[in-house]
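# next comes the sequence, and after it the predicted model I'd like to discuss.
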Amino acid sequence: MEKENIVELKNISVAFDGEQVLDGLNLEIKDKEFITLLGPSGCGKTTTLRLIAGFLEPDSGDVLFGGEKINGVPAYKRQVNTIFQRYALFPHLNVYENIAFGLRVKKRPEKEIKEKVAEMLRLVNLTGLEKRHIDTLSGGQQQRVAIARAIANHPKVLLLDEPLAALDLKLRKDMQKELKKIQEQLGITFIFVTHDQEEALTMSDRVVVMDGGKIQQVGSPQDIYNEPQNAFVADFIGESNIVDGKMLRDYYVEFSGQKFDCLDKGFNENELVDVVVRPEDVDIVSPEKGMLKGQVTSVAFLGVHYEIIVDIGGFKWMIQTTDEHFVGDNVGLFIEPDAIHIMKKSEYSGLYGDYSSYSEEMDEMNEMAEEAAE
Amino acid sequence: MSILRKIFIALMLVFLYAPLLVMTFFSFNSSSSTSVFEGFSLKWYEQLLYDSESISALQNTLILAVLSAVIATVLGTVAAVGIYKTKKGILKTTMTTVTNIPMMTPEIVTGVSLMLLFVFMASLVGKKEALGFGTVLCAHITFNLPYVILNVLPKLKQTDSHLSEAAEDLGCTPIKAFLKVVLPAIYPGIFTGFIMSFTLSLDDFVISYFTSGTAFQTLPIRIYSMTKKTVKPTMYALSTIIFLTVLILLILVNLSKSENKKSKLRPRLMKIASVAVCVAIVTAMTGVSIISRNLKNTSIGVVGEYDRELAGTTLNVYNWGEYISDGTDDTLDVNSAFEKLTGIKVNYSYFESNEEMYAKIKAGSSAYDIIIPSDYMIHRMIKENMLKKLDFSKISNYSYIDEGYKNLYFDPDNEYSVPYNVGMVGLIYNSKIVTEKPDSWEILFDSRYAGNILTFNNSRDAFGIAQFALGLDVNSSNKEDWAKAANKLIEQNKVLQARVMDEVFNKMESGNAALAPYYAGDFYTMKDANDDLEFVYPKEGTNIFVDSVCVPQTAQNYDAAMMYINFLLEPEVALANAEYICYASPNTSVINNEEYSFKDDPILYPPEEIKSNTQYYHDLDPEIRDYYESLWTKVRIS
Ligand SMILES: Nc1ncnc2c1ncn2[C@@H]1O[C@H](COP(=O)(O)OP(=O)(O)OP(=O)(O)O)[C@@H](O)[C@H]1O
Ligand SMILES: [Mg+2]
């Protein structure tokens, strides 16, 4: 059964000082889902959250909550709570009072407040720290207080603006799990903002990829990863080799001077397209067996696998493999039909997916390191 | 290292607190000496009780400081938030600069311009008496505002801009969010702003002076007018009390702060205690001022007729400082006695010089009913039609005025003025240093006493000495005469220790200087402190002056003014004044009174041959005035 939409953004546009920050944004958010806004810095993620929270009114377009238009409803009347990018905890209050703040504003009885705060503290693992002052807490603890403060109010929707950005990697992983757990326990809609694609993929039910104030793609993590809609999404989500190709006919594509079987269809005959091949989907074989032939120009060991750059007719491919190869080796590449993903041409075509600059940068870095060593 | 640091801290504390300690110490001195401690006594604190004017001035100052600080803090905080919220741009820069301007402008400019504004606005609504408590309050708020803004703005910038959004997010309206979250965050800035405003307002003199008008007096103004001669030890007592009060308050504030984190009850107790202390102080002061009013001697017998028809009206009197018997040391409180007799409220305020009084009247900023200028100034004011004719039918006591003080040059037909006091300039010398008895002004130019000689630090009196010494007319319209006198003064520079006015008391009393020309009445004040001092009228003659009671054209309560003038001429009142002020009285009932302690005193009432050898200063042509002022400048810089 299709769940109902709790929040809807309809054709939203926002401009600051003449600069278009959100441009005709349309988004439907389902009740109780964990949806993530993902995009590079400055793409308008925070702005989108602020629209929903009520700190900002759109220049045009509507914000709907539970099917009702809430343009003009002030923030304090919306059933939405926010965890701010920098927490914004109240420095003059202790942990207990921070969490109790929303309840006190709503004039709940003292007994209820006490129970609720205790429950929240248990939920975020902070029991025993009630009396502590905010500035005596560690970053992770502050983060938990911010979460507890926001959900103590039982919001229908929780907005989280890069809540984990300030934490170190280990703590971030733990908190990701906890957040997910809390979301499932409470059954609240989470609208989560991040610019970390891995975080987005592991936590979300659905991911919204944004760039330049526009939504590039909405879908499940798998969809986004496997079926990127354009070069931007393909490149932003994981590593991709993106080459120019031509769709000869359904299930048959030509790129890098060779013809390949593939699983995509529905393009015009001889339509120019972008072809995406993920680095981990390419096998390195001997030159004779390879569909494409080239020379290894750089090798980097990353622990789990090697990252190898292969020059094929001037275009540099990245390949991830567990086998070791050496710079200067002549190799062949083998690509299965299901490893090939075809995308329509877009404004992003030609901007991403070539690792030439990548290897040059690596060379430069190596040289600099060598110079420094001497 | 740590010893050095301790020494440094000790030195700092000494420098900071030594003056206060010395002052506190001498407030308990049983004599008025500032150099010798002659035993412990609470005398000056007791005397303070009698000084109801100082007490009420203190009250005014405190009320003013608290009110202006509170209002400025509220307005300033709101303004700071407004500026903070304004988008960066010309508007913001302008607003910040504009609010800072009052802080940069010299106080005197702020004071004068505010006075002009208030007077102008009052004239728009047709009100004569523009200045008063309200205007001083406005002025104080004005100069306090930038300090509050300056303290609050940085705190606003420091606080996370998302704090108030976070509060709104949790259900607060924007106003509630500000009160619950932003206010506590910027509170330290607000508090500092308040304390700064409070202290600034507490000790402001210049701006209050210009904006306070006739009816309202703050403690700094009061003290300043009292120090015309010397600072009285009662002021040490008053200052000690203020200092201790502030100290106690500060300690309480600090205690409540340091306890803040440990328990919840303590700070509340502290707050209650602070409030209690404040209430106690205010109550005590009110009590003291009521008592002090009642302690005063106001009982008197009168010969003139006084009715209570004008009871409830107000009379604004503008006089020299310490120029009326005011009830200290169980003397008669003249103004209170008049109030008691007639039911008219007397507003009494002071001026420092004829010129200052003239400027204030000319500006029309205040409607005084009684002024007491000196002869030459009366002359000028009559010429400029600034005085009202007096109704002598209502001043029956005018008959007491000595014939010698009627028909004087400035008021030949006795229409505008009634003489109040008479003074003469004489030569004061220290007989320990000046062993021969001097008889000539020339001794003030004598190189044998180089470094021991003082003279007046005002042009007319200083020129007068040179003119008498040279045998010139003090009212000469011949520029050459003035140039000659100026040369004489330039010559005097070589032997001069200093040009002084009020400092003459300290210098002569302490033996720091040996020779000084000064007003005869003041000689006795000095002689009290140093018995070696003697007085002589030099043979070349000297200046005589009369200060007379007049009524300016702007007066509002003419009939009460007539009643007051008559009252001042009452034998008992005139006697009390003559005893208190120590100047010669023009009132025959005083001169002939056997009880009068200065009866036939050779200095205040010199024999006829000396009296006839005197000259009044006349109001001179503006051209001559400008000329001798330019010469005066030359004298002082050569
Ligand atoms: N109040 C504002 N005034 C002017 N420009 C603004 C304002 N708020 C945001 N912007 C601009 O709008 C654009 C989008 O900002 P937004 O904060 O939504 O980005 P973001 O996606 O959250 O980025 P980040 O990942 O860095 O937080 C940016 O270019 C930013 O400079
Ligand atoms: Mg952001």
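The structure has been received and is ready for your questions. Numbers count the residues shown, from 1 in each chain, chains lettered A, B, ... in the order given. Ligands and ions are numbered 1, 2, ... in the order given.

# B:L315: what's it in contact with?
For B:L315, the contacting residues are B:344-347, B:369-370, B:557, B:560-561, B:564, by CB atoms under 8 Å, 6 or more residues apart in numbering or on different chains. For glycine as for every other residue, the C-beta is placed from the backbone atoms N, C-alpha and C.

# near chain B, which residues of the stretch 151-300 of chain A show up?
Counting by CB under 8 Å from any CB of the partner chain, the stretch 151-300 of chain A comes close to chain B at A:N153.

# circling back: from the contacts of B:L315, which is closest to ligand 1?
Looking at these and their distance to ligand 1, the nearest is B:N347, at 57.5 Å (CB to the nearest ligand atom).

# in a markdown table: the contacts of B:L315, plus neighbour count, distance to B:M377 and secondary structure.
Compiled in a markdown table, these are given as follows (neighbours: other CB atoms under 10 Å in any protein chain shown; distance: CB to CB, whole Å; DSSP: H, G, I helix; E, B strand; the rest coil):
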| residue | neighbour count | distance to B:M377 | secondary structure |
| --- | --- | --- | --- |
| B:I344 | 26 | 26 | coil |
| B:K345 | 16 | 27 | strand |
| B:V346 | 19 | 23 | strand |
| B:N347 | 20 | 22 | strand |
| B:D369 | 27 | 17 | coil |
| B:I370 | 23 | 15 | strand |
| B:N557 | 20 | 22 | coil |
| B:A560 | 24 | 23 | helix |
| B:A561 | 27 | 18 | helix |
| B:Y564 | 24 | 20 | helix |
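
# could you measure from B:G471 over to A:A166?
93 Å (CB to CB, to the nearest Å).

# more neighbours, those two?
Of the pair B:G471 and A:A166, A:A166 is the one with more neighbours under other CB atoms under 10 Å in any protein chain shown, namely 15 against 8.

# for the more buried one, give me phi and psi.
When read as degrees, to the nearest 10, the backbone of A:A166 gives phi -90, psi 0.

# do the same with A:L103
Geometry field for A:L103 lists phi and psi as phi -70, psi -40, criterion degrees, to the nearest 10.

# burial check on it, number of neighbours?
By the other CB under 10 Å criterion, the neighbourhood of A:L103 contains 23 residues.

# same deal with A:L248?
Neighbours of A:L248 using other CB under 10 Å come to 15.

# now it, nearest residue through space, not along the chain?
Here the nearest residue to A:L248 in space, its sequence neighbours aside, is A:E254; by CB to CB, 6 or more residues apart in numbering or on different chains that works out to 5.6 Å.

# likewise for B:P184?
Counting by CB to CB, 6+ apart, the nearest residue to B:P184 once its immediate chain neighbours are dropped is A:H92, at 4.1 Å.

# confirm that the one you found sits in a helix.
No: looking at A:H92 with DSSP: H, G, I helix; E, B strand; the rest coil, it is coil, so not inside a helix.

# and it, how far from B:L67?
Plainly put, A:H92 is 28 Å away from B:L67 if you go by CB to CB.

# kindly report the residues of the stretch 1-150 of chain A close to ligand 1.
When proximity is defined by CB under 6 Å from any ligand atom, the stretch 1-150 of chain A lies next to ligand 1 at A:16-17, A:21, A:41-47.

# go again with 5 Å.
Residues of the stretch 1-150 of chain A lying close to ligand 1 (CB under 5 Å from any ligand atom) are A:16, A:21, A:41-47.
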